[in-house]
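**Q** here is a sequence together with a model predicted from it:
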Amino acid sequence: MLLTITTTYQPATDLGYLLHKNPARLQSLEITGGQAHVFYPEATAERCTAALLLDLDPVGLVRGRGNGEGFALEQYVNDRPYVASSFLSVALSKAFGTAMNGTCKDRPALPAEALPLAVTVAVVSAPGPDWPRRLFEPLGYAVETEAYPLDPTQPEWGDSPYYTLRLRHDGLRLQDVLTHLYVLLPVLDNDKHYYVDQTEAEKLLHRGGDWLPQHPERGFITRRYLRYLAGIVNPTLARLMEGTEEELPEPVAPETNEPGALPLTPAAVAAEAPEPKLSLHDQRLQQVAHEIYQLAPKRVLDLGCGEGKLLRLLLRQPKIEFVRGMDVSHQALSRAAQRLHLDELSPRQRARIELIQGSLLYRDERLAGFDAAALVEVIEHLDENRLAALEAVVFAQARPAHVFVTTPNADYNQLFEKLNAGDFRHDDHRFEWTRAEFAAWATGVAERHGYQVRIEAMGDEVEGVGAPSQMAVFSL
Amino acid sequence: MPQDTLKLPELSLILLLGSSGAGKSTFARRLFKPTEIVSSDVCRGLVADDENDQSASGDAFELLHYLVAKRLKRGLLTVIDATNVQAESRKPLVALARQYHVLPVAIVLDVPDAVAHERNAHRPERRGMGPHVIARHRQDLRRSLRNLRDEGFRHIFHLRGVEEVDAVQGILRDRLYNNRKEETGPFDIIGDVHGCYDELLALLGDLGYVVEAEPVADVRDLGIRVTPPAGRRAIFLGDLVDRGPASPQVLRLAMSMVRSGAALCVPGNHDIKLLRHLNGKKVTANHGLAETLAQLEGESDSFKGQVRQFLDGLVSHYVLDGGKLVVAHAGLTEEMQGRGSGAVRAFALFGETTGEIDEFGLPIRYEWAREYRGRAMVVFGHTPVPDAEWLNNTIDIDTGCVFGGRLTALRYPERELVAVPAARVYCEPARPLNYRAAQLAAAGAAAEGDLSAQHQQDDVLDIRDVTGKQFIETRLLRGVTVREENAVAALEVMSRFALHPKWLLYLPPTMSPTETSELPDLLEHPAEAFAYYQKLGVERVVCEEKHMGSRVVVVLGKDEAAIQCRLGLTGEGIGKCYTRTGRNFFTDKDLETAFLARLRDALTTAGFWEKFSTDWVCLDAELLPWSAKAQELVKNQYAAVAAAATAALPQVEAVLAEAAARDLDGAEALLARTTARRQAAADYADAYRRYCWPVHALDDLKLAPFHLLATEGKTYFDRDHAWHMETLRSLALADPGLLRATPYRVVPLGDAAEVENAIQWWTDLTAAGGEGMVVKPYDFIPQGQKSLLQPALKCRGREYLRIIYGPDYLLPGNLERLRQRNVKAKRNLALREFALGVEGLERFVAGQPLRRVHQCVFGVLALESEAVDPRL
């Protein structure tokens, strides 16, 4: 990983004073994960270039340093040694901390001067070729990127996500350039090699407080800088925007309640589209919860409870005596336990809820004896040929008096602009059914197991395509 | 004359009765194992820290009952050391004995009050106990003595006075009549005969029994002699009589066989009803008894007497062959096997009914076999079925001979059915024999009706079989433990990504690399693998070229019918090709169908189906190219790293060259190092590219099978690796466009030249970019002197390891650190997974229920979530 900064300010070698690094020497310093080298490939009065070279130790990154305290980087095959990342930001503040703070002992007036500067970063990792531009152009840089094929022997694989980034600015304080790089390079890279917490937010406010509020991509920058941690991102954005006239960017939504939601694809992250599904999902839960209350059940099952949103709604109903939430993902269940504050409930409340790991493909006597069961957006996460097992487990063996099954309505998909025809709304969906397909399945299930069934639209209906989601309500 | 030995059933619940100070604890300690004694004083101590704290009695007895229940459930003789002098304290214990089908026994220690009082006086903790306590105990005891029999005690020993108590020097543990575990067979188990004598003779003939007439010299002679084939023995499952034309002849034959030791016999409900009649009890002569009685009229009183004696001596069921086989007329649940109680006898004779009556006026039977999970095979009759079908290791072989069906025998342990058709319908059944099938067909469950009962049941497995801590008995390792947290991880993978469990017959074990080599520039080298095996006494190994693709297990049928018949899957094609995590290899359905059809055709061309007399096969193989399945991984990780390096490093070199030109100290060294890294990145890119080629059509896929795992009725773990290689090579010849034979060589480890050649072979292979080789002991299942050995070790090449350890792994300073690795955990895992894999497939081939196979497959998947260095 290489960063060079070139200036034609006269005398150009003043860059050495500004950076607090002697142009006549190559200096090396220890940084997390390896070494940084600072040197000047050219240093004349006309033109001076400073280079910061990061030499990360790929073995050390995996093996950890000292007594096994390693990073979460588990692969030796790793792009970290070549890409500008949070490692670079750390190196920047270590190598050029004085310059970044705008102090220069020998030339006290110099830091305030706007210099003509050119910056090269080899290489950055970016979600797409336009992103470097979207991040740096609003700050007054002329931006150039150079793309590379993923593998020249496999032309059909297209370009790699790596770019050489070249920035030019006619007059900017060096301090600003360093700060911009410090904040924005890890944002492009979208990763952090260390644990992110509130201190990270303070860093962002400190380094970006001056320029970030005016930046059109401040939402994107903040979310990525703080790794999408809703609890940190949203207050940080609010503090950032305090006293400005600008509108608050779209808040980060908490993680979805999709059972076993996979990490979003890079493309999905890149699009950063406001998720129509999220509010939709809450609506669906409200509707299901409401329908369940109407039946005044005493014992309710939430099959595929995910992180427990529906459980929370159900627990608010004092007449429901017991709720059992089941999910196949252990991780989702621990998050549900946290979100429902199970550890802090009073014994009486605690006795009303139980979370269990289970699978809808295995017969399970723990599912017997319930008045109602909900399967909210669950069936589409199973391969279609395994639904027979789900049917046997739920409708033949567990046999709750009422079963609520919701699933996306594929007819509606044409209204999602970002969705190509035939694509599903979620990476892990194994199928999405039209209204007719869902109705056929639901009717079949009801007939085979002696249930009555009615089907309802969920969400606002649109002429010809129906509502975003659909629900079948089975009753014994 | 005092008894010096008490004779008790080996499985009994023994209550000692006696007042405080009667000497119960001393008696118990003298005659029973310490662990067999459950004492109320000890329980009181456990819950109250004071053995005499009477306020703790409630909790203490709750604990005592709990302990007793656990012991009885596990089939252990138990002695209750408590006063037990009151009926209400004995009642829950007798109830427990009933619940677990254990015989309750009472031993009364009836000593004079003075003795008891004297003894208590010597125990400081009991000194406060007044004489009234002992007197009350004695009074209760006297009252109890009258009622013990009515309370359900079968054996009562009343020891009067200290002398009689002390005279007892031993306990003789009588084994239960049903315990015939030492009899290992082989057996021919014969279903309900119901007087069908001709069919029985025909069946015995088919089974190789010789039936001869014998002169009758005495009234006790039966006039018939049956000689079984060498070493074999018949077992009659009861219901010898009623409905059929010749019940007395059947009785005569069976009695003769039992008498001569040629057969065992358990009673059926019809036999017992006949016995009641012969005993002079009033019974209704319906359900075919009238015919039997009429047929018996011509028989002598002596014969009838013998019949009465014979039937009276029949034992409800037998546990045979070390507990692996149970026979009972109507079957028997696991809890009842080898136990003795009225309930056990009733179940064995009549089975269980739901209490409902069907449209034919017959009681609806409770299908205990559906829920059967026991270890023992249960063979039974009683309920006529159109075909004898396995379900959860049980089989009903009453194929309704008397109703015009067949008389069926099961050969054990061969699990082979032998049947003869009925000569005619002797009795019209109240409910048609094929009633259930007809019912299913009418319910529109035609597809389901085509599947066997076992396959239908296996459609959905029970979560209890896979969650929580599992302890799996395997043939190769005594027990493999799967920890709960690993099962948790596996449940998610299995549920979200894996194929239907019916496809998953086997998951391959992980494989350890060799110990780390100390040779320069190398992490792995064949010498380490050879040394490992040689040290453990292996004389020959097989070296197989390692293909860099995706590990797959192929389960393939000759046609869809074969898959339906053997796996119980319909509409899922002729086979599947799945990964190490049970995931379908193919995402493109058309490509999958074409691939499997072509593979099937290749096997057909090779004459495989005939040669192995099978219509399905399970293969362990590598599917190439790597990029076919791992395309996304290759692009996002492997290619990306090369792209980043190739983009960045030349620019670094350029600025360092400028710096070097300025004579900056240290720039030259950094430049040299960067150039080396650029070269390393290029070598790395070459390394992964070798295993990538685009897959546009079927012709781009290559399958390299290396183990023929199983075909119908057989696994091939008993064949050596050279056999596997040769067998599969001949298959590959049938379609070289699709199948790749794996180059291999057999290396005698004692032959230095051969070892040297093998090393050279590996060196050449890996220099040309090959992944490396796998070194396997010649035998598939390598039993060392002390324990199971690694079934294989991989030895990967220098170039290949670039994609494991990263582009820079050979640069100075890196390899030294990478040598620090520990293969122990990986090897331990490999052994356990190997044992589970073999076990699962053997269970499948032996026709065990899917849950037993799935348990092993699931176990392998669970073990894979254990944290081991993924680079190994």
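**A** Right, received. Where do you want to start?

**Q** do you know the pLDDT at the residue of chain B positioned farthest from its centre?
**A** In chain B, B:Arg662 marks the outermost C-alpha relative to the chain mean, sitting 75.9 Å out by C-alpha atoms, centre = their mean. Turning to B:Arg662, the model gives it a pLDDT of 92.

**Q** shouldn't it be in contact with A:Tyr40?
**A** Yes - contact criterion C-beta atoms under 8 Å: B:Arg662 and A:Tyr40 qualify, at 7.3 Å. Yep, even glycine has a C-beta here, placed from its N, CA and C like the rest.

**Q** where in the stretch 301-450 of chain A is pLDDT low?
**A** Within the stretch 301-450 of chain A, not a single segment meets pLDDT under 70.

**Q** which residues of it lie near chain B?
**A** Residues of the stretch 301-450 of chain A lying close to chain B (C-beta under 8 Å from any C-beta of the partner chain) are A:328-330, A:357-365, A:381-382, A:385-386, A:388-389, A:392-393, A:397, A:428.

**Q** helices and strands around the longest strand along chain A, which ones?
**A** Secondary structure of chain A per DSSP state E: the longest strand is strand A:159-172. Packing contacts for strand A:159-172, counted by 3 or more C-beta pairs under 8 Å, 6 or more residues apart in numbering or on different chains; DSSP states H and E, involve strand A:115-125, helix A:131-136, strand A:142-149, helix B:640-661.

**Q** out of the ones you listed, nearest to B:Val838?
**A** Smallest distance to B:Val838 across these (C-beta to C-beta): 38.1 Å, for helix B:640-661.

**Q** B:Arg566 and chain A: what is the separation?
**A** Remark: distance between B:Arg566 and chain A (C-beta to the nearest C-beta, to the nearest Å) = 18 Å.

**Q** that residue against B:Thr614, yeah?
**A** No - using C-beta under 8 Å, B:Arg566 makes no contact with B:Thr614, being 9.1 Å away.

**Q** give me the common contacts of those two.
**A** Between them, B:Arg566 and B:Thr614 share these contacting residues under C-beta atoms under 8 Å, 6 or more residues apart in numbering or on different chains: B:Glu712.

**Q** so in that sheet, which strands flank the helix or strand that contains A:Gln470, and in what orientation?
**A** Taking DSSP states H and E as the definition, A:Gln470 sits inside strand A:469-475. As defined by DSSP bridges, the strand partners of strand A:469-475 come to strand A:402-408 (antiparallel), strand A:452-458 (antiparallel).

**Q** looking at those strands, which one is packed in the most?
**A** Sort these by mean neighbour count, taking mean count of other C-beta atoms under 10 Å in any protein chain shown, and strand A:402-408 sits at the top with a mean of 25.

**Q** C-alpha coordinates for that one, CSV please?
**A** Below are the C-alpha coordinates for strand A:402-408, written out as CSV (Å, rounded to 0.1, in the frame of the first residue of the first chain):
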residue,chain,number,x,y,z
HIS,A,402,-54.3,-21.4,14.4
VAL,A,403,-51.3,-21.0,12.1
PHE,A,404,-50.3,-17.7,10.5
VAL,A,405,-48.0,-18.0,7.5
THR,A,406,-46.7,-14.9,5.7
THR,A,407,-44.5,-14.8,2.6
PRO,A,408,-43.6,-12.3,-0.1
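
**Q** contacting residues around the helix or strand following it?
**A** Scanning forward in sequence from strand A:402-408 by DSSP H and E, the next helix or strand is helix A:435-449. Residues outside helix A:435-449 that contact it (C-beta under 8 Å, 6+ apart): A:387, A:391, A:395-396, A:399, A:405, A:407, A:409-411, A:433, A:451-453, A:455, A:466, A:470, A:472, A:474.

**Q** can you lay out the helices and strands packed on strand A:159-172 as CSV showing distance to A:His290 and mean neighbour count?
**A** Output for these, formatted as CSV (distance: least, C-beta to C-beta, whole Å; neighbours: other C-beta atoms under 10 Å in any protein chain shown):
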stretch, distance to A:His290, mean neighbour count
strand A:115-125, 46, 22
helix A:131-136, 42, 21
strand A:142-149, 51, 16
helix B:640-661, 48, 22
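
**Q** out of these, the one nearest A:Ala238 is which?
**A** Shortest distance between A:Ala238 and the helices and strands packed on strand A:159-172, using C-beta to C-beta, is found for helix A:131-136: 21.7 Å.

**Q** mean confidence score for the closest one?
**A** The predicted model gives helix A:131-136 an average pLDDT of 95.

**Q** export that helix to PDB, keeping only CA atoms.
**A** What follows is helix A:131-136, C-alpha atoms only, in PDB (Å, rounded to 0.1, in the frame of the first residue of the first chain):
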ATOM      1  CA  TRP A 131     -17.500   6.200  -5.300                       C
ATOM      2  CA  PRO A 132     -14.000   7.800  -5.100                       C
ATOM      3  CA  ARG A 133     -15.400  10.700  -7.100                       C
ATOM      4  CA  ARG A 134     -18.500  11.000  -5.000                       C
ATOM      5  CA  LEU A 135     -16.500  11.200  -1.800                       C
ATOM      6  CA  PHE A 136     -13.600  13.500  -2.900                       C
END
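
**Q** name the helices or strands packed onto that helix?
**A** Against helix A:131-136 (3+ C-beta pairs under 8 Å, 6+ apart) you get strand A:142-149, strand A:159-172, helix A:174-189.

**Q** the shortest one near chain B anywhere?
**A** This points to strand A:142-149. Yes - counting by C-beta under 8 Å from any C-beta, chain B has neighbours in strand A:142-149: A:148-149.

**Q** dump the C-alpha coordinates for that strand into PDB.
**A** Output of strand A:142-149 as PDB, limited to C-alpha atoms (Å, rounded to 0.1, in the frame of the first residue of the first chain):
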ATOM      1  CA  ALA A 142     -10.100  16.600  -9.300                       C
ATOM      2  CA  VAL A 143     -10.400  12.800  -9.100                       C
ATOM      3  CA  GLU A 144      -9.000  10.200 -11.400                       C
ATOM      4  CA  THR A 145      -9.300   6.500 -10.900                       C
ATOM      5  CA  GLU A 146      -7.500   3.700 -12.700                       C
ATOM      6  CA  ALA A 147      -9.200   0.300 -12.800                       C
ATOM      7  CA  TYR A 148      -7.700  -3.200 -13.000                       C
ATOM      8  CA  PRO A 149      -9.100  -6.400 -14.300                       C
END
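
**Q** list the strands paired with it, with their directions.
**A** strand A:159-172 (antiparallel).

**Q** so the chain: which segments form each domain?
**A** Assuming you mean chain A. By the assignment in automatic domain parsing, chain A contains the domains A:2-194, A:276-475.

**Q** please refer instead to chain B.
**A** B:5-174, B:179-455, B:461-512+B:823-872, B:515-547+B:742-821, B:549-625+B:701-741, B:629-689.

**Q** quick one: which of the ones you listed is nearest A:Arg47?
**A** Ranking the domains of chain B by proximity to A:Arg47 (C-beta to C-beta) places domain B:629-689 first, at 11.8 Å.

**Q** next helix or strand past the lowest-mean-pLDDT helix or strand in chain B?
**A** Of all helical and strand segments in chain B, the minimum by mean pLDDT, DSSP states H and E falls on helix B:446-449, at a mean of 48. Next along the chain after helix B:446-449, taking DSSP H and E as the criterion, comes helix B:453-457.
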